[in-house]
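S.K.: Just to be clear, the model below is a prediction. Sequence and coordinates:
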Amino acid sequence: MTGFRLPRVEPLDIHHDRSIFCCGEEALDQYIRSHAGQDIRRNLTSVFVAVDDPGGQIIGYYTLSAASFSRDDLPEELARKLPRYPIPAALIGRLAVDRRFHGQQYGKFLLLNVFERVMRASDAIAIHAMVVEAKDDKAAAFYAKYGFVMFSGQPRRLFLPLARLKARC
């Protein structure tokens, strides 16, 4: 973890300079620069940024929103334990780290922050699992390393039951 400094994580707002954020994925860069604010105002997602303290520059960001899924999407051994109505979840819509900070464990830091935030939220509202739709196989492998498993027949759509996360804490 050479070079790792513990950043602040806070909700995205107008004082954050998003113009220079560059993670290397155009869709993720464009989202934080041009669309995140609008999605926040319309209450479609919450956006959280990790900020480097001296300069206040954005190291990385993630989005969270409410979601649900069908038990039919799960592997059989998990599906049979759940009801037939929609299963409540938290959706990690995007997670990205600026290129200047790649290789310094900030992706892991952001994901652990997601875990903490969702666990706190689950005290107030029902959340059975976290869901993510990985952009590519590399991103899917990143999430799998932290315990996410694939939905049946959907290799880039993964979930992590909160019970598994709570068991690790």
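M.R.: Now that the structure is in, tell me what you want to look at.
S.K.: Now for the residue nearest to residue 27 when sequence neighbours are not counted: which residues touch it?
M.R.: Distance criterion C-beta to C-beta, 6 or more residues apart in numbering; nearest residue to residue 27, sequence neighbours excluded, is residue 135 at 7.7 Å. For the C-beta atoms, the positions are set from N, CA and C on the backbone; glycine is no exception. For residue 135, the contact set (C-beta atoms under 8 Å, 6 or more residues apart in numbering) comprises 25, 27, 28, 156.
S.K.: Burial check on the residue lying closest to residue 65 once chain neighbours are set aside, number of neighbours?
M.R.: Nearest residue to residue 65 in three dimensions, chain neighbours excluded: residue 45, at 4.3 Å (C-beta to C-beta, 6+ apart). For residue 45, the number of neighbouring residues by other C-beta atoms under 10 Å comes to 19.
S.K.: swap in residue 63?
M.R.: Neighbour tally, residue 63, other C-beta under 10 Å: 22.
S.K.: Filter the contacts of residue 135 down to the buried ones.
M.R.: Buried subset of the contacts of residue 135 (neighbour count, 16 or more other C-beta atoms under 10 Å): residue 28.
S.K.: can you redo the contacts of residue 135 as CSV with distance to residue 149?
M.R.: Below are the contacts of residue 135 laid out as CSV (distance: C-beta to C-beta, whole Å):
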residue, distance to residue 149
25, 24
27, 25
28, 24
156, 12
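S.K.: Sketch out the low-pLDDT regions of this structure for me.
M.R.: Counting by pLDDT under 70, the chain shows low-confidence ranges at 1-5, 54-55, 169.
S.K.: at 80 what do you get?
M.R.: 1-5, 53-56, 167-169 (pLDDT under 80).
S.K.: what about the longest helix in it?
M.R.: Criterion DSSP state H: the longest helix present in the chain is helix 106-121.
S.K.: could you say what helices and strands the following helix or strand past that one packs with?
M.R.: Going down the chain from helix 106-121, the next helix or strand is strand 129-133, by DSSP states H and E. With contacts defined as 3 or more C-beta pairs under 8 Å, 6 or more residues apart in numbering; DSSP states H and E, the packing partners of strand 129-133 are strand 58-69, strand 87-97, helix 106-121, strand 154-161, helix 162-168.
S.K.: Much appreciated, bye for now.
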